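K.L.:
Turn this into a structure:
(chains A and B)
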Amino acid sequence: MIVTAILAGLVLGGTYALIAMGLTLQYGIARIMNLAYGDMIITAAFLAFALYSGAGINPLIGLAIAAPAGFILGYAVYALMMHPLVARAKDRVSLETDSILATFGLLFVIQGVLFVIFGGNYTSYSYLNVPVTILGTNIAANRLLAFVLAVVIGGLLYLALTRTRWGTALRAVAVSPSSAALVGIDVDRQARFAFALGGALAACGGVVISMYQTFTAASGVVFTMKALIVVIMGGVGNVLGALSAGLILGLVETFVATYLDPGLTLAATYLIFLVILLWRPSGLFGRSAR
Amino acid sequence: MNAKAIAAWGIAAAVLVALAFAPSYLGPYGIGLMIGIAGYVTLATAWALFSGPTRYVSLATVAFFGIGAYTVAVLSESLPYPLVLLAAAAIGLVVALVVGLSTLRLAGVYFVIFTFGLAELIRQLVTWYEVNVTGTLGRYIFLDLGPEDIYWQLLALAAVTLLLAWWIGRSRIGLALKVIGDDEVVAAHCGIDIARVKLALFALSAVIITLVGAIQAPRWTYVEPAIVFNPTISFLTLIMALLGGANRLWGPLLGAVPLFLLFEWLSANFPNHYSIILGLLFIAIVFVLPKGVLAFTEKLWKRGRAR
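P.N.:
Predicted coordinates for the structure are as follows:
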C-alpha cells in the first residue's frame, strides 16, 4: 500500500514538476504571470486525445507534435498580447497586474474554444493501460511512461539551463533583467524565448497528463493553481526548486487521496500553500529577499 | 454644503426612489433584469472598493458570493431570515480575514494566486462535506421572498455600497489606500499601517459580496456547489469594474449596466460562445481602456477643451 502510494505520488509529482518548470520560466524570466497556463496544458491534453482517438497517432508522436505547437503558441501569445503590455508597463507591479488581467481573459477564451470543440464532458483515452510490476506492486505502464517523460524532459531542461551559455543568459535575466542588459543580453528576446519555452513545457505536461488522467475543458484552473503553488514553493525562477517542490506536492496529494479522501487533495494543496506563505514566502529554496 | 452638492444628493435620492418603484411598472422579466443589474452593480462596486485603489486584483468574487448563497441554502430552514444574512456575512468575514491575514502582508501576486483558486477550493470542500457528512448534494431553498423583495434588498445594498465607497473615498482610510496604490514604500514612510488598511478594505468588500450572494440565493430555489461557485461571476464582476474604471466611484456602475445587458443578450443568443466573446472583449478592455471608460472620456474631453 505505501509503496503504491509513493510510486503514484512520484508519477503525479513528476508531472507537477514538469508543468511548474514551464510556469517558472514564464513568470521568473519573462515576468508574465500567466493565468491561462493551465488551459494551455489542457489544450495539449485534448490535442493528444484527438490525435490518438481520432487518427490513431501514438501519444509519444503526439508529444513531438504538441511541444513545437506549444512553443509557437507561446511565442505568438507573447508577441501579440504580452509584448505591448511589457512595452507600456512603467514598473514590475503594473506589468504584473496587466498580465494577470490579460491572461485571465485569455483563460476564458481558450476554455470557451475547448468547450465548443470538445464539450464539457470528462475525457480520457486508454493508452498502454497494462500493469507493470515494480518493487512488488503493480503500476500502469502509462504512468511509468509519464514519469520517465517528466524526468527526461525536466532533466534535459535543467542541463540546458545550467550547462550551456544560452541557459546561463536566461538565468541571468531571471536574476536581474536590468543588469543582464548591461552584459549584452537581449532581455526582450530572452523573455520571448522563455515564454515560448514555457508554452512548450505546458504542452508536454498536457500530453503527459492526458496519458493517465481524465480531464475536462474546465480543468485548467486547477492545473494553473497547482503549478503556481509549486513555483512559489520552489522559489520563483528556480528550476531545481520547482522540480523538488513538484515531487513533494505530488507525494502529499497522493497520500491525502490514499489515506484520507480523494476529495480533499485540493484542500491539502492549499494547506501547503498557506504554510509556505506564512513560513517562507520566498520559497523553500529561495533566497530570503524576493 | 453648497447648492451643487445639494442638487447632486437630491438627484441621487430621486433616482433611488424611482428605482425602488420599478417593480410596479416593470413585468416579471424586467424585474429579473433589474435584480441582475442591481446585483452586479453591487458586486462590481464592492470589488472596486478594495481592488481599485490598491491594484490588488481579487479573483475570488465568486468564492464569497457562493459562500453567501450556500449559507442561505443550508440555514434558511433553521434560522429566521435576518439571522441567516448575518451568519452569511460573518462566514464571509472570517474567510476574508484568513485570506487577507495570510497574503496581504506579502507582494500582491501572492494575493492574486490565493484568490485565483479559492472558489475552486471552497467548492470542492463544500462538495466533499455534503457527500461525506450530510450525504446529499444540492439543496432547496424555500423562502417566502418574491422577486420584488430580493430586488429591494439588492437595491438597498447597492445604495449602501455606493455610499460607503463615496465615504471611504474622502475619509482618511481612502487617502491611505490611494497612497498604498501609488507607492507602498511611501505609504509605509507616512506611517500608514499598510497591512491593516488593506485587510480592513478587503474584509469590507468581501462581506458585501457575500451578502449579494446570500440575497440572490432564493432566486435559484435549487442550489448546488457547481451553480453558486460559477467562475463566470468573478469574471463578469472584474470586467465590469475595469470597463467603467475601478478607481472611480461611478465607474463600476457604468461598466456593470451595459455589460450585464450584453451578457444577457449573449447568453440567450450565443449560449456556447459567450465565454469566448467575453474573453476577447476583456482582453480588448485591458489593452485599449486600461483605466476604464470614465478616465478615457475625461482625457478626450480635456484634450478637446485644450484645443
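K.L.:
Now do the helices in chain A.
P.N.:
Assigned helices in chain A, in chain order: A:2-28, A:37-55, A:59-77, A:83-88, A:92-118, A:141-163, A:165-175, A:177-182, A:187-212, A:220-234, A:239-255, A:265-279 (criterion: DSSP state H).
K.L.:
Quick one, which of those helices gets closest to residue B:236.
P.N.:
The closest of the helices of chain A to residue B:236 is helix A:92-118. By CB to CB, the value is 10.2 Å. From N, CA and C alone the C-beta is placed, and that goes for glycine too.
K.L.:
Reformat the helices of chain A as CSV; add mean pLDDT, mean neighbour count and distance to chain B.
P.N.:
Formatted as CSV, those follow (pLDDT from 0 to 100; neighbours: other CB atoms under 10 Å in any protein chain shown; distance: least, CB to the nearest CB, whole Å):
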stretch, mean pLDDT, mean neighbour count, distance to chain B
helix A:2-28, 88, 25, 9
helix A:37-55, 91, 24, 10
helix A:59-77, 91, 19, 11
helix A:83-88, 85, 15, 7
helix A:92-118, 87, 21, 4
helix A:141-163, 87, 17, 22
helix A:165-175, 86, 17, 15
helix A:177-182, 83, 14, 16
helix A:187-212, 90, 26, 16
helix A:220-234, 89, 26, 4
helix A:239-255, 88, 23, 13
helix A:265-279, 84, 18, 5
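K.L.:
Could you save these as JSON lines and add columns showing distance to residue B:161?
P.N.:
As requested, those are exported to JSON lines (distance: least, CB to CB, whole Å):
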{"stretch": "helix A:2-28", "distance to residue B:161": "34"}
{"stretch": "helix A:37-55", "distance to residue B:161": "33"}
{"stretch": "helix A:59-77", "distance to residue B:161": "36"}
{"stretch": "helix A:83-88", "distance to residue B:161": "31"}
{"stretch": "helix A:92-118", "distance to residue B:161": "23"}
{"stretch": "helix A:141-163", "distance to residue B:161": "48"}
{"stretch": "helix A:165-175", "distance to residue B:161": "42"}
{"stretch": "helix A:177-182", "distance to residue B:161": "41"}
{"stretch": "helix A:187-212", "distance to residue B:161": "39"}
{"stretch": "helix A:220-234", "distance to residue B:161": "28"}
{"stretch": "helix A:239-255", "distance to residue B:161": "39"}
{"stretch": "helix A:265-279", "distance to residue B:161": "29"}
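K.L.:
so how far is residue A:142 from the residue lying closest to residue A:251 once chain neighbours are set aside?
P.N.:
Excluding its sequence neighbours, the residue lying closest to residue A:251 (CB to CB, 6 or more residues apart in numbering or on different chains) is residue A:9, at 3.7 Å. The spacing between residue A:9 and residue A:142, counted by CB to CB, to the nearest Å, is 16 Å.
K.L.:
got a list of what the residue nearest to residue A:251 touches?
P.N.:
The neighbourhood of residue A:9, defined by CB atoms under 8 Å, 6 or more residues apart in numbering or on different chains, consists of A:247, A:250-255.
K.L.:
Most widely separated two among those?
P.N.:
Within the contacts of residue A:9 (distances taken as CB to CB), the two that end up farthest apart are A:247 and A:255, at 12.6 Å.
K.L.:
Establish whether stretch B:137-155 and chain A are in contact.
P.N.:
No - using CB under 8 Å from any CB of the partner chain, stretch B:137-155 stays clear of chain A, coming no nearer than 11.5 Å.
K.L.:
That stretch: end-to-end distance?
P.N.:
The first and final residues of stretch B:137-155 sit 31 Å from each other (CA to CA, to the nearest Å).
K.L.:
I'd like the average pLDDT over that stretch.
P.N.:
In this model, stretch B:137-155 has an average pLDDT of 83.
K.L.:
Mind listing what's buried along it?
P.N.:
The neighbour-count check on stretch B:137-155 (16 or more other CB atoms under 10 Å in any protein chain shown) flags B:139, B:141, B:143, B:145, B:147, B:150-155 as buried.
K.L.:
Which ones among those residues lie within strands?
P.N.:
residue B:139 (DSSP state E).
K.L.:
just the buried residues of stretch B:137-155 now: which is nearest residue B:239?
P.N.:
Checking the buried residues of stretch B:137-155 one by one against residue B:239 (CB to CB), the nearest turns out to be residue B:154, at 19.9 Å.
K.L.:
quick one, what contacts that closest one?
P.N.:
For residue B:154, counting by CB under 8 Å, 6+ apart, the contacting residues are B:35, B:38-39, B:42, B:212, B:215-216.
K.L.:
near chain A too, which of those?
P.N.:
Within the set of the contacts of residue B:154, contact with chain A (CB under 8 Å from any CB) is found for no member.
K.L.:
need the residues you listed in TSV with secondary structure and pLDDT, can you?
P.N.:
Rendered in TSV, the data for the contacts of residue B:154 read as follows (DSSP: H, G, I helix; E, B strand; the rest coil; pLDDT from 0 to 100):
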residue	secondary structure	pLDDT
B:35	helix	89
B:38	helix	90
B:39	helix	91
B:42	helix	93
B:212	helix	93
B:215	helix	91
B:216	helix	89
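K.L.:
I'd like to know which of the contacts of residue A:9 is nearest to residue A:182.
P.N.:
The shortest gap between residue A:182 and any of the contacts of residue A:9 belongs to residue A:247, at 36.3 Å (CB to CB).
K.L.:
Helix or strand: which one has the most centrally placed residue in chain B?
P.N.:
Nearest to the geometric centre of chain B sits residue B:43, at 1.7 Å (CA atoms, centre = their mean). Secondary structure here is read from DSSP states H and E; on that basis residue B:43 sits in helix B:28-54.
K.L.:
the inter-axis angle of that helix versus helix A:92-118?
P.N.:
Helix B:28-54 and helix A:92-118 meet at an angle of 150 degrees, taking axes from the mean of the first three to the mean of the last three CA atoms, to 10 degrees as the criterion.
K.L.:
any idea of the mean pLDDT in the helix or strand following helix B:28-54?
P.N.:
Scanning the chain past helix B:28-54 towards its C-terminal end, the next helix or strand to appear is helix B:61-75 (assignment: DSSP H and E). Along helix B:61-75, the predicted local confidence has a mean pLDDT of 90.
K.L.:
Output helix B:61-75 as PDB, nothing but the C-alphas.
P.N.:
Taking Å, rounded to 0.1, in the frame of the first residue of the first chain, the C-alpha atoms of helix B:61-75 are listed here in PDB:
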ATOM      1  CA  THR B  61     -15.500  37.300  -6.100                       C
ATOM      2  CA  VAL B  62     -17.500  34.100  -6.700                       C
ATOM      3  CA  ALA B  63     -15.900  32.400  -3.600                       C
ATOM      4  CA  PHE B  64     -17.600  34.900  -1.400                       C
ATOM      5  CA  PHE B  65     -20.700  35.100  -3.500                       C
ATOM      6  CA  GLY B  66     -21.000  31.300  -3.300                       C
ATOM      7  CA  ILE B  67     -20.400  31.300   0.400                       C
ATOM      8  CA  GLY B  68     -23.300  33.700   0.900                       C
ATOM      9  CA  ALA B  69     -25.700  31.700  -1.400                       C
ATOM     10  CA  TYR B  70     -24.800  28.400   0.100                       C
ATOM     11  CA  THR B  71     -25.100  29.600   3.700                       C
ATOM     12  CA  VAL B  72     -28.700  30.700   2.900                       C
ATOM     13  CA  ALA B  73     -29.300  27.300   1.400                       C
ATOM     14  CA  VAL B  74     -28.100  25.500   4.500                       C
ATOM     15  CA  LEU B  75     -29.500  27.700   7.200                       C
END
